[in-house]
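A.B. asks: Following is a predicted model, sequence given first.
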4 protein chains.
Amino acid sequence: MIIVLKPNTSKEQADEIQRRIEAKGLKPLYLPGTERVVLGAIGDERVLAQLHLEGHPQVESVKPILSPHKLVGREFHPHDSIVKIAGVPVGGERFVVIAGPCAVESYQQMTDTAKAVKSAGAAVVRGGAFKPRTSPYAFQGLGVAGLEILHKVSKEQGIPYVTEVVEVADVELVAKDSDALQVGARNMQNYRLLSALGHCGKPVLLKRGPAAELKELLLAAEYIVNEGNPDVIFCERGIRTFETATRNTLDLNAVPFLKQRSHLPVMVDPSHGTGVRSLVTPMARAAVAAGADGILVEVHVDPSVALSDGAQSLYPQQFAELMEGIKPFVQAAGRTL
Amino acid sequence: MIIVLKPNTSKEQADEIQRRIEAKGLKPLYLPGTERVVLGAIGDERVLAQLHLEGHPQVESVKPILSPHKLVGREFHPHDSIVKIAGVPVGGERFVVIAGPCAVESYQQMTDTAKAVKSAGAAVVRGGAFKPRTSPYAFQGLGVAGLEILHKVSKEQGIPYVTEVVEVADVELVAKDSDALQVGARNMQNYRLLSALGHCGKPVLLKRGPAAELKELLLAAEYIVNEGNPDVIFCERGIRTFETATRNTLDLNAVPFLKQRSHLPVMVDPSHGTGVRSLVTPMARAAVAAGADGILVEVHVDPSVALSDGAQSLYPQQFAELMEGIKPFVQAAGRTL
Amino acid sequence: MIIVLKPNTSKEQADEIQRRIEAKGLKPLYLPGTERVVLGAIGDERVLAQLHLEGHPQVESVKPILSPHKLVGREFHPHDSIVKIAGVPVGGERFVVIAGPCAVESYQQMTDTAKAVKSAGAAVVRGGAFKPRTSPYAFQGLGVAGLEILHKVSKEQGIPYVTEVVEVADVELVAKDSDALQVGARNMQNYRLLSALGHCGKPVLLKRGPAAELKELLLAAEYIVNEGNPDVIFCERGIRTFETATRNTLDLNAVPFLKQRSHLPVMVDPSHGTGVRSLVTPMARAAVAAGADGILVEVHVDPSVALSDGAQSLYPQQFAELMEGIKPFVQAAGRTL
Amino acid sequence: MIIVLKPNTSKEQADEIQRRIEAKGLKPLYLPGTERVVLGAIGDERVLAQLHLEGHPQVESVKPILSPHKLVGREFHPHDSIVKIAGVPVGGERFVVIAGPCAVESYQQMTDTAKAVKSAGAAVVRGGAFKPRTSPYAFQGLGVAGLEILHKVSKEQGIPYVTEVVEVADVELVAKDSDALQVGARNMQNYRLLSALGHCGKPVLLKRGPAAELKELLLAAEYIVNEGNPDVIFCERGIRTFETATRNTLDLNAVPFLKQRSHLPVMVDPSHGTGVRSLVTPMARAAVAAGADGILVEVHVDPSVALSDGAQSLYPQQFAELMEGIKPFVQAAGRTL
């Protein structure tokens, strides 16, 4: 950690700050310059965070050197982690496709979708029972009834499923039967929820918040792992920018960045990442080539009557074409579907 | 609602969509153009939302005409609402200052701060017992013990208090004694929490999310009011942009925009909105002039040892100067402190 | 074009606006609703733009229906355009790689780089003689001497070159010998420069501005084509967002979006789009898979002494590996290198 | 400057970098840590920029300590600069209002506007002869004829004027008669234009680019001052963010930030900064309170027929009300109109 002091700082004031650094058991460094005094304190950034020097009146700025996410970082865990969703390995050679509707609407809809996506090659089905919606007048999901539909369809069709959890009180219920729990973008910094998921016993698919920096996403995963659950999968799903031609800006830079910094798997959601049906397949291909470990795709048996996210949902036939379309890129990446 | 159809849409396909509009009890309009067919459906946008036409393969775009937030909007409620925090009226002639530390750290710290901010003219004290923090290794707040300190200090010093609630399960506990509940920026779209606050019986200070559009903020308030709690106060606290010289970009455009669209009061948080101590007072003055109904200011008895947000916290003396500094602007705005 | 009138608009006021629409030779539509009157005016959006209705006191909003970029749009030009850089076709089956240093530094540096990138498979070499730099104290390029080096090296090594033009007064000089002219991101909305390039007689590589919406990029190309030069190539190079882990956020959504809306070729610059050397190759692969017609890559014979953009420049050996690495993805895309 | 080396860097590699630092006449510092080696090099950041260490393969990151804008910075120039526009002092006690239409449309329009804004209290009139427009089909300004109208009206009405220059070749012509030259937002990083303005002999009103960080704005001013023209006035006019309720997000944080970092005057443009007529006056008041030295306001004799920017232009009567409305805030700020 580098601490830049203000121009008018006296030697006594600098000494006082150095004593604070020493009091934490760290070795301080004194670097006098021509216009500024700079202090150094090299060590575990997690200890350094307890110095709380940002608020000191003589401190101009504090620049961290080391990354504060030791558990999810690659520095002390160089090899790729593989997270298994009911036996489906995410993070290894296999490129994993998770597909399904935004929201569970009925048993029939889920059955038809599960059949369609499984036959096209999806490894896992998705569907939301609890839906966080921007407007209180929009469809909010079927709730517990939706969970039951998911569980039944999953067993009948022989395909694991992932579903979103939006609230600490629901974690146990959702974790009981589902094969993986999704944290939606709006909840990425719901720290109580993250901590609760540290004890849920199931893999967590952690979506990046629309305004979350990648270092914040890494720290959100650190919350879950720090509580005891090592099975976290990142999911890039687009960030909010000034561009309005697409619903979000899919930030594929995130894929190699996260893979280089962390040992955890990284998936991509080109449906939310674009919000436009015709862009989903090209961006799915791009995700494969960027090095993603899998994709999440919204598929609906009839998007023209979907209760949410219809504009970005694929028809089953379009999803089958997407699977055909990504095949040569998956092979080019040295992976299998 | 205006529905633009794709160039190649047949008359039959357009008719089918018009029948859907009629089935909702609305009158459809057919507007043939030289290159596109455009359909109209004028009516309550909340009913129109149930048409789910975005996902239709022949629909190019859907453009809403009316605002979807009837309860918080000014159209059917033209007069300003006044929300009372333990008798302190927010939204009327008085300019309300809420001040205090980011986090409750101890009984002594809160007592000293409450005395200082009250004597300088603050109407309400603030302090966080539950702190959502980006890193799992940062100070997370004192929890229930913090709530007890707040309550005790508030009674002893004779000043109401507002504190943050981060989780549905805590709503009842936090609402029991506190005079107002704050929804933090990261929870602005935690819809289960918003719904729960619709039944908490206390005013809600709703902070804008760092990536939330103003129409989303209006809809977040609509959630609370729709569940039965009319006492919502907006709080602009800065949005996330590309600019890194400041912690956030305080969007004061939001103040007149919200005041013109909604009857609810609007406050401003120049501490989070800048993240820089030396910018807090000028931006507090600007908030007054933009038409805000009050401000939230972070004050700590000694920011150099604050456990969180020290860089943006004012010393008590600086807060007293801020209060002096805003006085002529409050008068210029035709209000009182 | 849809014109939404304010709630209190009288019939007379609406009639006056309709007469304005008729005066432009267009047919107005009157759509009375329960809470708002909406007017329609379907026709050429370029004529409609001359109505200037945004400023009318009774107009709440104006929503365009048709795209305003007829020349670069696909609606009236459905087939892909192929733009040739000294015989190298961009926009067809071939995937075109343009590589070279950020700035021309010396004859030796350019010769070494041109040899290296050509032998690794690049079709065109790049290098900047005029460098727009954020700081007046940074290296600003060799200017005319740089242009002469580029021309000499290009002839000797038998590889075409592209170089940036930053100023109307330089267009003729730069266009004389170079095989294509680049408009840098900061100049994307320098309309005088765009107009001048409409007469330069050489292909133009138009980089997206860091804060430019895609519709603005389309309109910038429309400027050049409208002045008589049909040979424009788009280049996505990253936009400015809140994310600071990367220099820019490479927006690959732009590739399929532009390809679907426009007949012009689309290239991608993963060097500026990431700003991080280790992310360039994965994002080059992603660009191929997203459907780009080619890439621009910064390569320097020794990035550790590069006078600009060293952090994102590849060593020649790394560039050779990039070319090997994209090969299977180029094949998967059904293209050739 | 702090140079963080990669984890695996050898002592020899670190020595080589230290020798590079010494070769520039600077004293290197060697700071071995438990996990990283950190090097220091304290001195003039402008010299350090020539080290080009960002591209070195063993360098993880480079963190500057000192600001690179010595001429416009306050560190060596602590007192406020006052820039005079034809005798009107900007940056001192007087709060300066510049008002007028977006574009010069006719002699009559300019005469009527100049009379109106002068009688309401504006000190300077504005109007664009050269208009950079997003679409090639939009009104591009009257050009030289517009300049002549401005000059004539200014003389006749006895009020100085400022107008935009968009191109190096026009600088001499525009500078000849006008009292100040405006650099528009899209040209803030047109460095050739900035350099040319360093020799124009007239004050320069430098608008912040829509995606420009404040440090880039400071450096843009440094270009002009470094070329010999000390008379630069900053103008905050809104940045591009995800928020679409307003045309831009007016970043008033910029006002105290720039005033604290630089000795140059700072103005605010609430017309472009909001893009919405009803928000202009509240944000003009906020600009006063934030500490701005003046404002730029768009006023048109009849916005309903304005050829550009009608939606944000005030009617003359509204401008007169704005002037009345800001008066008490100007007094509260201890200034005069």
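C.D. replies: Arrived safely, thanks for sending. Numbers count the residues shown, from 1 in each chain, chains lettered A, B, ... in the order given.
A.B. asks: C-alpha only now, for contacts and for neighbours.
C.D. replies: Will do.
A.B. asks: which residues in the stretch 51-200 of chain A form strands?
C.D. replies: A:59-63, A:83-85, A:88-90, A:96-100, A:124-126, A:161-164, A:180-183 (DSSP state E, counting those that start in this stretch).
A.B. asks: among those strands, where is the model least confident on average?
C.D. replies: Here the strands of the stretch 51-200 of chain A differ in mean pLDDT, and the lowest is strand A:59-63 at a mean of 82.
A.B. asks: That one pairs with which strands, and in what direction?
C.D. replies: On the basis of DSSP bridges, the sheet neighbours of strand A:59-63 come out as strand A:2-5 (antiparallel).
A.B. asks: re earlier: using TSV, lay out the strands of the stretch 51-200 of chain A together with mean neighbour count and distance to B:Val225.
C.D. replies: Converted to TSV, the strands of the stretch 51-200 of chain A look like this (neighbours: other C-alpha atoms under 10 Å in any protein chain shown; distance: least, C-alpha to C-alpha, whole Å):
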stretch	mean neighbour count	distance to B:Val225
strand A:59-63	18	42
strand A:83-85	20	40
strand A:88-90	18	43
strand A:96-100	26	33
strand A:124-126	27	32
strand A:161-164	27	26
strand A:180-183	25	26
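A.B. asks: need those in CSV with distance to B:Cys102, can you?
C.D. replies: Formatted as CSV, these follow (distance: least, C-alpha to C-alpha, whole Å):
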stretch, distance to B:Cys102
strand A:59-63, 19
strand A:83-85, 38
strand A:88-90, 40
strand A:96-100, 41
strand A:124-126, 40
strand A:161-164, 31
strand A:180-183, 27
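A.B. asks: who wins for proximity to B:Val280 among those?
C.D. replies: strand A:59-63 (16.2 Å; C-alpha to C-alpha).
A.B. asks: closest to D:Gly143 out of the strands of the stretch 51-200 of chain A?
C.D. replies: Closest approach to D:Gly143 among these (C-alpha to C-alpha): strand A:59-63, 47.9 Å.
A.B. asks: Return the distance of the closest one from the chain's centre.
C.D. replies: Its chain's C-alpha centre and that of strand A:59-63 lie 30 Å apart, by C-alpha atoms, centre = their mean, to the nearest Å.
A.B. asks: Residue of the stretch 101-250 of chain A nearest chain D, please.
C.D. replies: A:Phe242 (4.2 Å; C-alpha to the nearest C-alpha).
A.B. asks: Name the residues of the helix or strand hosting A:Ala220 that come out as buried.
C.D. replies: If you go by DSSP states H and E, A:Ala220 is part of helix A:214-226. By neighbour count on 16 or more other C-alpha atoms under 10 Å in any protein chain shown, the buried set for helix A:214-226 is A:214-226.
A.B. asks: follow-up on the earlier one: tell me the contacts of the residue of the stretch 101-250 of chain A closest to chain D?
C.D. replies: Listed by C-alpha atoms under 8 Å, 6 or more residues apart in numbering or on different chains, the contact set of A:Phe242 reads C:Ala211, C:Glu213, D:Arg240, D:Thr241, D:Phe242, D:Glu243.
A.B. asks: so can I have a markdown table of the residues you listed showing distance to B:Val104 and secondary structure?
C.D. replies: Formatted as a markdown table, the contacts of A:Phe242 follow (distance: C-alpha to C-alpha, whole Å; DSSP: H, G, I helix; E, B strand; the rest coil):
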| residue | distance to B:Val104 | secondary structure |
| --- | --- | --- |
| C:Ala211 | 41 | coil |
| C:Glu213 | 44 | coil |
| D:Arg240 | 37 | coil |
| D:Thr241 | 34 | coil |
| D:Phe242 | 34 | coil |
| D:Glu243 | 33 | coil |
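A.B. asks: who wins for most neighbours among the residues you listed?
C.D. replies: D:Thr241 (29 neighbours; other C-alpha atoms under 10 Å in any protein chain shown).
A.B. asks: so how far is chain C from that residue?
C.D. replies: 9 Å (C-alpha to the nearest C-alpha, to the nearest Å).
A.B. asks: and what of A:Gln13?
C.D. replies: Counting by C-alpha to the nearest C-alpha, the gap from A:Gln13 to chain C is 32 Å.
A.B. asks: Which residue comes closest to that residue once chain neighbours are left out?
C.D. replies: A:Gln58 (7.7 Å; C-alpha to C-alpha, 6 or more residues apart in numbering or on different chains).
A.B. asks: Can you tell me which helices and strands the helix holding A:Ala220 packs against?
C.D. replies: Using 3 or more C-alpha pairs under 8 Å, 6 or more residues apart in numbering or on different chains; DSSP states H and E, the elements in contact with helix A:214-226 are helix A:191-197, strand A:232-236.
A.B. asks: Please see if the helix or strand that the last one is followed by touches chain D.
C.D. replies: The element immediately downstream of strand A:232-236 (helix or strand, assigned by DSSP H and E) is helix A:254-261. No. With C-alpha under 8 Å from any C-alpha of the partner chain as the threshold, helix A:254-261 lies outside contact range of chain D, at a closest distance of 13.0 Å.
A.B. asks: chain center to helix A:254-261: distance?
C.D. replies: 12 Å.
A.B. asks: Stretch A:136-154 too?
C.D. replies: On C-alpha atoms, centre = their mean, the centre of stretch A:136-154 falls 22 Å from that of its chain.
A.B. asks: Which residues does it contact?
C.D. replies: By C-alpha under 8 Å, 6+ apart, stretch A:136-154 touches A:103-107, A:110-111, A:114, A:125, A:127-133, A:160-161, A:174, A:177-178, A:307-308, B:46, B:49-50, B:219-220, B:222-223, B:226.
A.B. asks: Stretch A:155-174 now?
C.D. replies: Under C-alpha under 8 Å, 6+ apart, the answer for stretch A:155-174 is A:85-86, A:111, A:114-115, A:118, A:123-132, A:147, A:150-151, A:154, A:178-184, A:187, A:192-193, A:196-197, A:200, B:167-169, B:190, B:192.
A.B. asks: just so I know, which of the strands of the stretch 51-200 of chain A lies nearest D:Asp15?
C.D. replies: strand A:59-63 (23.4 Å).
A.B. asks: With only the CA atoms kept, save the closest one in CSV.
C.D. replies: The C-alpha trace of strand A:59-63 is given here as CSV (Å, rounded to 0.1, in the frame of the first residue of the first chain):
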residue,chain,number,x,y,z
VAL,A,59,-3.5,11.8,3.4
GLU,A,60,-3.9,12.8,-0.2
SER,A,61,-4.5,9.3,-1.6
VAL,A,62,-4.1,5.6,-0.8
LYS,A,63,-3.1,3.3,-3.6
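A.B. asks: about what we covered before: was I right about the residue nearest to A:Gln13 contacting A:Leu5?
C.D. replies: Yes. With contact defined as C-alpha atoms under 8 Å, A:Gln58 and A:Leu5 form a contacting pair (5.7 Å).
A.B. asks: Among the two, which residue is more densely surrounded?
C.D. replies: A:Leu5 (24 against 19).
A.B. asks: lowest average confidence, helix or strand, in chain A?
C.D. replies: helix A:45-48 (a mean of 67; mean pLDDT, DSSP states H and E).
A.B. asks: domain parsing for chain A?
C.D. replies: A:2-63, A:83-332 (automatic domain parsing).
A.B. asks: Redo those domains as TSV? Include distance to C:Phe95.
C.D. replies: Conversion of the domains of chain A to TSV gives the following (distance: least, C-alpha to C-alpha, whole Å):
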stretch	distance to C:Phe95
domain A:2-63	42
domain A:83-332	15
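A.B. asks: What helices and strands are in contact with the longest helix along chain A?
C.D. replies: The longest helix of chain A (DSSP state H) is helix A:316-332. On a contact count with 3+ C-alpha pairs under 8 Å, 6+ apart, helix A:316-332 meets helix A:107-120, helix A:277-290, helix C:316-332.
A.B. asks: Now find how far off-centre the helix or strand just after the second one is within its chain.
C.D. replies: Scanning the chain past helix A:277-290 towards its C-terminal end, the next helix or strand to appear is strand A:294-298 (assignment: DSSP H and E). What separates the centre of strand A:294-298 from the centre of its chain is 13 Å, taken as C-alpha atoms, centre = their mean.
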